[in-house]
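Chemist: Pasting the sequence and the predicted model now:
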Amino acid sequence: AILEEYNRTLPNVLLGGGRRDWDYREAVEKAIFAGYTSIRTSAQLESMDLARLPRKLPTGPGLLGLFEGNLEPFEGGNTSWQFWCGDCLTLERDRRLHPDPTAQPDPRLPDMTAAALATLEGLKDGFFLLVENDTADNIGHYAGDAFAGSGPNDAELTAYMVEDLAAFDEAVGVVLDWVAARGLDDTLVIVTGDKETGGFAFPDGAYTAGDVVPGTFPDAPYNTTTPVPVYALGPESARALGARHLKDVYFAMQVGYTNFAGPLFPDDFFDRFIPPDRGGVTPAETTP
């Protein structure tokens, strides 16, 4: 259903894992018919001249990369994780520990981020790019639950999470360097999480006392209500930094995109924010 929606909205770039979870042949055939250039390995991605992709979509070029992490099992690795997480790419820790680094056909998150920017750079009206690492969420679900009894324990899973988050940090650096190199002062960059999962964040702990890391994760495999940090740079970034709810992040994104100087108010029916001069209502009007 998600891929069908992509075939309807036709975003310019779609790169990620999960090739074996889709009806791959049908999905690719539809994408190529719509105007996408389709790839399936990191070697293909590295060899492409992304600035010269065919511009067959209504808004410009289209790049579709559905990849699959398929490392063979090796001593000291946990590639069995792939059987739990079919939409994941090869985890960073397995990449580092694997005796043959050339055996990995899927690209890293920083590489896909750079490729997306190179593809989108020529769009005259700008673009919106979402970059996500899903390992943190998946491990938050798995740590401490039934899966841990048949695979990696909490400590091993946490080690995997740390290395994948480091790769995400590297991807953020790719974006910030790209923005700085082009002097794009009108570009808003927001870094956050869509939720906290598994109880890995403990806001009531005393960090200096060393009492914030329990031996187990009693909140796994659930999403918690713990606030997540928000980092932002660019126009209207101050609004994002004050976020207390994911709606606030969306609020800041829309304000930065539309360059609307005044306050925006919620449209409760559509669950979105619109300025009052475009039909929005004030908070007083939405209060029973």
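Modeler: Ah, there it is.
Chemist: So which bits of the one helix or strand Ala181 maps to are buried?
Modeler: Assessed by DSSP states H and E, Ala181 sits inside helix 154-182. In terms of neighbour count (16 or more other Cβ atoms under 10 Å), helix 154-182 has its buried residues at 154, 156-158, 160-161, 163-164, 167-168, 171-172, 174-175, 178-179. (Each C-beta comes from the backbone N, C-alpha and C, glycine too.)
Chemist: Which strands or helices does it pack on?
Modeler: If you count contacts as 3 or more Cβ pairs under 8 Å, 6 or more residues apart in numbering; DSSP states H and E, helix 154-182 packs onto helix 92-97, helix 109-120, helix 135-142, strand 189-192.
Chemist: From the contact counts, what lies against the shortest one?
Modeler: What it means is strand 189-192. If contacts are counted by 3+ Cβ pairs under 8 Å, 6+ apart, strand 189-192 sits against helix 154-182, strand 230-233, helix 237-241, helix 246-258.
Chemist: Just the C-alphas of it, formatted as PDB.
Modeler: This file holds the C-alpha atoms of strand 189-192, laid out as PDB (Å, rounded to 0.1, in the frame of the first residue of the first chain):
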ATOM      1  CA  VAL A 189      17.300  21.300   8.700                       C
ATOM      2  CA  ILE A 190      15.600  19.500  11.600                       C
ATOM      3  CA  VAL A 191      17.000  16.500  13.400                       C
ATOM      4  CA  THR A 192      14.700  14.600  15.800                       C
END
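Chemist: List the contacts of that strand.
Modeler: Residues outside strand 189-192 that contact it (Cβ atoms under 8 Å, 6 or more residues apart in numbering): 172, 175-176, 179, 228-234, 237, 240, 243, 249, 252-253.
Chemist: Run through the residues that contact the residue nearest to Arg55 when sequence neighbours are not counted.
Modeler: Spatial nearest neighbour of Arg55, chain neighbours left out: Pro61 (5.1 Å); criterion: Cβ to Cβ, 6 or more residues apart in numbering. The neighbourhood of Pro61, defined by Cβ under 8 Å, 6+ apart, consists of 12, 37, 50, 53-55, 119, 122.
Chemist: Considering these, which is situated nearest to Thr197?
Modeler: Within these, proximity to Thr197 (Cβ to Cβ) peaks at Asn12, which comes in at 29.8 Å.
Chemist: Contact partners for that closest one?
Modeler: 57, 59-63, 119-120, 123, 127.
Chemist: any chance of those in CSV, plus pLDDT?
Modeler: Converted to CSV, those look like this (pLDDT from 0 to 100):
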residue, pLDDT
Leu57, 93
Thr59, 91
Gly60, 93
Pro61, 94
Gly62, 94
Leu63, 95
Thr119, 96
Leu120, 96
Leu123, 91
Phe127, 91
